[in-house]
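**Q** Kindly return the folded structure for what I paste below:
(4 chains)
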4 protein chains.
Amino acid sequence: MGIIGCGYWGQNLVRNFFEASSSTVTHICDLDAERLATIGRRYPTTAGVTDYQELLSNPDVDGVCIATAASTHYGIAREALRAGKHVWVEKPLALLASEARELTELASERSRVLMVDHTFVFTSAVQRMKESIDSEELGKLLYYDSVRVNLGLYSHDVNVIWDLGPHDFSMIDYLLPYRPVAVSAVGACQIGAGSRESQAYVTLEFAENLIAHFHVNWLAPVKIRLATVCGTKRMIVFDDTMMDEKVKIYDRGIEVNDSPDDRTRMLVEYRTGDMYAPKLAQTEALSVAARHFADCVAGNATPISGGEAGTRVVAMLEAAQRSLNKGGRREEILYT
Amino acid sequence: MGIIGCGYWGQNLVRNFFEASSSTVTHICDLDAERLATIGRRYPTTAGVTDYQELLSNPDVDGVCIATAASTHYGIAREALRAGKHVWVEKPLALLASEARELTELASERSRVLMVDHTFVFTSAVQRMKESIDSEELGKLLYYDSVRVNLGLYSHDVNVIWDLGPHDFSMIDYLLPYRPVAVSAVGACQIGAGSRESQAYVTLEFAENLIAHFHVNWLAPVKIRLATVCGTKRMIVFDDTMMDEKVKIYDRGIEVNDSPDDRTRMLVEYRTGDMYAPKLAQTEALSVAARHFADCVAGNATPISGGEAGTRVVAMLEAAQRSLNKGGRREEILYT
Amino acid sequence: MGIIGCGYWGQNLVRNFFEASSSTVTHICDLDAERLATIGRRYPTTAGVTDYQELLSNPDVDGVCIATAASTHYGIAREALRAGKHVWVEKPLALLASEARELTELASERSRVLMVDHTFVFTSAVQRMKESIDSEELGKLLYYDSVRVNLGLYSHDVNVIWDLGPHDFSMIDYLLPYRPVAVSAVGACQIGAGSRESQAYVTLEFAENLIAHFHVNWLAPVKIRLATVCGTKRMIVFDDTMMDEKVKIYDRGIEVNDSPDDRTRMLVEYRTGDMYAPKLAQTEALSVAARHFADCVAGNATPISGGEAGTRVVAMLEAAQRSLNKGGRREEILYT
Amino acid sequence: MGIIGCGYWGQNLVRNFFEASSSTVTHICDLDAERLATIGRRYPTTAGVTDYQELLSNPDVDGVCIATAASTHYGIAREALRAGKHVWVEKPLALLASEARELTELASERSRVLMVDHTFVFTSAVQRMKESIDSEELGKLLYYDSVRVNLGLYSHDVNVIWDLGPHDFSMIDYLLPYRPVAVSAVGACQIGAGSRESQAYVTLEFAENLIAHFHVNWLAPVKIRLATVCGTKRMIVFDDTMMDEKVKIYDRGIEVNDSPDDRTRMLVEYRTGDMYAPKLAQTEALSVAARHFADCVAGNATPISGGEAGTRVVAMLEAAQRSLNKGGRREEILYT
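**A** From the prediction side, this is the model:
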């Protein structure tokens, strides 16, 4: 593998692909030669290059990870696929759904693996939530709500929706049995004139009676990573800031008495019961994803966050951006 | 004092006005005679009546608390003011801003106290937040964010915005130096056809570069009561589920480097510092409010949540309801 | 009922016995006339007296609650039983096990109910723990550990072991299938010369391979109320500071491999599994206890914290005090 | 540097000494060749050897870290010092205070650095606590209390006091202005006959009116790492399980009124005030310690956890073990 872009997250990729028994990292690529030197001291067997073309033209490199600025994902991924490489792209896959679609089709034509790093999908927490939702133990789904805020890295490349939003969009895409049809988003550009949104509230509309909403924010005093999926019978809370017991399943719900004898008021009753925190594997999501990528390259699996999922997430991002530009107006999601 | 409406909250009013040295409860009024009997056993010196007119016509009753269904607030309050009583009304003051305005003017004409029970305004936590905000130690204000969710009482009278929303609208009205100009609200009616919204997301727009947003929800697995006010220099978190340390002030902020030498990217830097949890008085907010009402009646104070504040909050609620009806469209707040 | 001693806890007794449908409070007794007047305003139907003899001689009073200083429990309880009253005594039942034994026998002779207010035994949390332990789902019991500390009421009557220790001694007595045989206790008198211990560590020894230990402390910065009961198969944590989920049952344990092939080292393996927080009733323990007392008086139940349990707890307290006096020496518990 | 013993902690040493700019790791040594191979893949520039003598005889190796079983520390450290190496030893320095003393003197004679890895002493949290204590802002010190429990690694080498106890003994030695004079310890061997203690309660006695106590336990359902240092004026809590706000300083205390007018009862009053969580550096303690060791080797510093501190900690461990053997009897600490 060659890793293109060795910033904060790129270095995590180097470590995980390096330590996975199913792959090795032969090349690291970054524009910053000093950074390459530092990483090289840690991984002396890797070759550091500043031009990613060297990786693409090297027949020993089977696949590349693209962890560069979001605006360059599409271009580099296209070149890499054309050069016959398997491609892992950081989220978002591209800045336009049409570009994401093009990459997906290109990968298919060339029979190469195209995988988007929707990291959360590979966590044992989200896997466990998926199990609960698929088993229908939650009853009728009511809503997805998420808060993803802290004083974090401020992106100079994209706004907070493009930076943190892919986490929730990809979780919603992966977990829920329905696809959102429209989105509205409001945000605030709080730092100087002409700056990017550092805080946003995003609402997703479904054809079904279900609502999804998330809050993403770079400027919050405390770290909150709290996703809730509620159904009429059970409710799941995923608190990613916990060391243990990240997922809690509440046997709580509502019961509606629509008896014809009591037309004046609908009787709503709460049902509360036990709470249950299933044991989760402690594996780092990125190492699971790296192994999954290797499995896909070996032909033993199909990416669970491949081009199709990546394209849907970009379509949601595009619609959210349009809504943001129009002051929060409802915008349909244009799946390609 | 006479208490009209002795449901869950009405009984809290009975207890607090009964125990306050500045007032006594002579009458309790409720349509449910059995309930009156139960409360009467606890407070044998109070007289229980099922018709509130008995309170209004009784010259020994100086003031009344109206803790009936929201739709009846305006009517009963108007009668009470006309009967020369001082009036404490549960939130919301009325269902229409025009009605709230009328009550405010009526109280003024008759020189009676009109106070709305915006309970949170009387908590030591919100009082402490107000101090911080007024001292401008937060720097430039960036946002107000609040989450107010749990599996709580399901109102059969109004939707969740009218039930829980007044808490946030009144805190925003009291705390922030600016007035919101528009609101948008999306909600979900999750329980049967034709039901009321049990969950809603409300965004408030300001002429200043500030945003406010809150999430109110009757159907959440865990209780969250978390309000955040962020500024460029400091950030405050009010967690009302904590026994101690409800208010935390974070010496955290952002610094922007707009240096002309580095035009390509704005340099945003986070500043993190100490956290500080000021000691707060443990007094029950309702007893503070009851004392404040007595002080106002005695002519020693002006209600900090009087008719004007009550009317503004109703104006916000009205605009939020219009937005809800129109699928989340931005609606201007029409202050009367 | 008559309530003798209307301090902080006595007022809780007044409220709970007053509001219970199975009993009513006719008399309240306290040396402080002003305090009686204050309580009388809240409960105008009760008669306030400063001499408890008035209660004992009044044939309308069926039972009395003794919530006076610990040193007076024995004397007043004895008089009350001799006067034919049913008796509820605050913990500890007496200051000497021999006195506790005498009261127990007196109650038996006179066929009166004698109940000690071991409040925790009546909580839904401890009831649920008892169920788990009795079902033997914990496997072999390993230990009971408890931390009961905060900046609380400083008793001027007894040291911290006599003040807070009865909670743990009574829980240990109620929950565990074995009786402790010896105790050692170390403490610190931190406030001025000649003061009482405000902090203590108490260890209980069992004939079985089981250990119990608790830390009681009046001078701790944060409130901790955490009791743990561990077995080889499951572990229970009772956190009384939580609003919800006070009891958590961890499906965690240890497995020992004593295989003869591997004699050099015993293989200990941890087993971690799900966590489960059973739904608990929200009832106030004191109201449960008050109802239980009424049931016992009515002849429908036998006190689960009667004279026998009360006497065992005093025996533990006595032994702990002897150990404290001797610098932590192991002292046998002399059950009478 | 050469690292001797590459188990769980040894690998942390490899990583930290490798990444420190002030040192490099040239050799790793372990009896397990397979483990060496695995680590070698990550650090291809290090040489793996199974015999530590190769390191001691190699003149290119300036210093060694000894992270082997506790029983071997003394022997290997002695050889290493005699071979002229600077020595870093994992805790405990030795199993006998006399051996620890001998190593200390040997290092002094040979002018080599001898440092014990009392990790916590190098955390920013303990550094901050030290600052508070040294500034005397806590008032008169009352107690040190610590709980260090979870379902952790079960040592096959030593009991829980020798495994986890050094953390608290070294913190007590470092933080408090007084030296403990005696210790008592009770424990439980819960896993099979003839097993080591997996749980222990340790009390430290001081000549001053101060008490220290800690609970160490390998068999606890939840992880607790909570150390409290209380004074009459302020109290510090160090919760090492928190991501942020590990250290909280409570402006709480007690005030004693010894007024001659009120001889019957000593008036103790609690004073509660603000809580304050100072910002702490996020640096990993081990990297701080590794740098400190390099500084000491370079002659720019004297170890803050050198042979003297290491010897005192072993003296406390020895006394605790004697007490354990005698059922919790008070044992004097024999400083050498």
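
**Q** hmm, the helix or strand of chain A with the lowest mean pLDDT in reach of chain B?
**A** Every helix and strand in chain A was compared by mean pLDDT, DSSP states H and E; the lowest is strand A:267-271, with a mean of 74. Yes - using Cβ under 8 Å from any Cβ of the partner chain, strand A:267-271 reaches chain B at A:268, A:270. Using the backbone N, CA and C atoms, a C-beta is placed for each residue, glycine as well.

**Q** tell me which residues of that strand are tucked away?
**A** Buried residues in strand A:267-271, counted by 16 or more other Cβ atoms under 10 Å in any protein chain shown: residue A:268.

**Q** my guess is residue A:278 meets residue A:129, correct?
**A** No - the pair formed by residue A:278 and residue A:129 falls short of the contact definition of Cβ atoms under 8 Å, at 10.0 Å.

**Q** what residues are shared contacts of the two?
**A** Between them, residue A:278 and residue A:129 share these contacting residues under Cβ atoms under 8 Å, 6 or more residues apart in numbering or on different chains: residue A:247.

**Q** For those two, indicate the residue with more neighbours.
**A** When neighbours are counted by other Cβ atoms under 10 Å in any protein chain shown, residue A:278 and residue A:129 differ, and residue A:129 comes out ahead with 25 against 19.

**Q** Three-state assignment for that one, please.
**A** Classification of residue A:129 using DSSP: H, G, I helix; E, B strand; the rest coil returns helix.

**Q** give me every residue that touches it.
**A** Neighbour list for residue A:129: A:175, A:229, A:236, A:238, A:247 [criterion: Cβ under 8 Å, 6+ apart].

**Q** if I look at the fourth one, how far off is chain B?
**A** I take that to be residue A:238. Using Cβ to the nearest Cβ, to the nearest Å, residue A:238 is found at 11 Å from chain B.

**Q** Tell me how many other residues surround the closest residue to that residue other than its chain neighbours.
**A** Of all residues not flanking residue A:238 in the chain, residue A:227 sits nearest, at 4.5 Å (Cβ to Cβ, 6 or more residues apart in numbering or on different chains). Close neighbours of residue A:227, defined as other Cβ under 10 Å, add up to 25.

**Q** From chain D, how far out is residue A:227?
**A** In this view, residue A:227 and chain D are 18 Å apart by Cβ to the nearest Cβ.

**Q** Which residues are in contact with that residue?
**A** A:144, A:145, A:146, A:147, A:168, A:171, A:237, A:238, A:240.

**Q** one more time with 10 Å, if that's ok
**A** If you count contacts by Cβ atoms under 10 Å, 6 or more residues apart in numbering or on different chains, residue A:227 has them with A:120, A:125-126, A:129, A:144-148, A:167-168, A:171-172, A:175, A:214, A:236-240, A:247.

**Q** give me the beta-bridge partners of residue A:255?
**A** Beta bridges link residue A:255 to residue A:269, judged by DSSP bridges.

**Q** Is it correct that it is in contact with residue A:271?
**A** Yes - with contact defined as Cβ atoms under 10 Å, residue A:255 and residue A:271 form a contacting pair (5.8 Å).

**Q** Give me the common contacts of the two.
**A** Common contact partners of residue A:255 and residue A:271 (Cβ under 10 Å, 6+ apart): A:232, A:233.

**Q** Spatially nearest residue to residue A:60, not counting backbone neighbours?
**A** Nearest to residue A:60 is residue A:26, by Cβ to Cβ, 6+ apart, at 6.3 Å.

**Q** what's the span of stretch A:210-226 from first residue to last?
**A** 19 Å (Cα to Cα, to the nearest Å).

**Q** Can you list the buried residues in stretch A:137-153?
**A** In terms of neighbour count (16+ other Cβ under 10 Å), stretch A:137-153 has its buried residues at A:138, A:140-152.

**Q** same thing with stretch A:95-110?
**A** For stretch A:95-110, by 16+ other Cβ under 10 Å, it's A:95, A:96, A:97, A:99, A:100, A:101, A:102, A:103, A:104, A:106, A:107, A:110.

**Q** Which of the contacts of residue A:129 has the largest number of neighbours?
**A** Greatest neighbour count in the contacts of residue A:129, by other Cβ under 10 Å, goes to residue A:229: 26 neighbours.

**Q** What's opposite it in the beta bridge?
**A** For residue A:229, the beta-bridge partners under DSSP bridges are residue A:144, residue A:236.

**Q** related to what we said a few turns ago, tell me the helices and strands packed up against the least confident helix or strand of chain A.
**A** Helices and strands touching strand A:267-271, by 3 or more Cβ pairs under 10 Å, 6 or more residues apart in numbering or on different chains; DSSP states H and E, are strand A:253-257, strand B:141-151.

**Q** and the first one with strand A:267-271, angle?
**A** Taking axes from the mean of the first three to the mean of the last three Cα atoms, to 10 degrees, strand A:253-257 and strand A:267-271 form an angle of 150 degrees between their directions.

**Q** same check, this time on the last one
**A** Using the same axes, to 10 degrees, the interaxial angle of strand B:141-151 with respect to strand A:267-271 works out to 90 degrees.

**Q** Show me which residues of chain A sit near chain C.
**A** In this structure, chain A approaches chain C at residues A:244-245, A:248-252, A:271-280, A:282, judged by Cβ under 10 Å from any Cβ of the partner chain.
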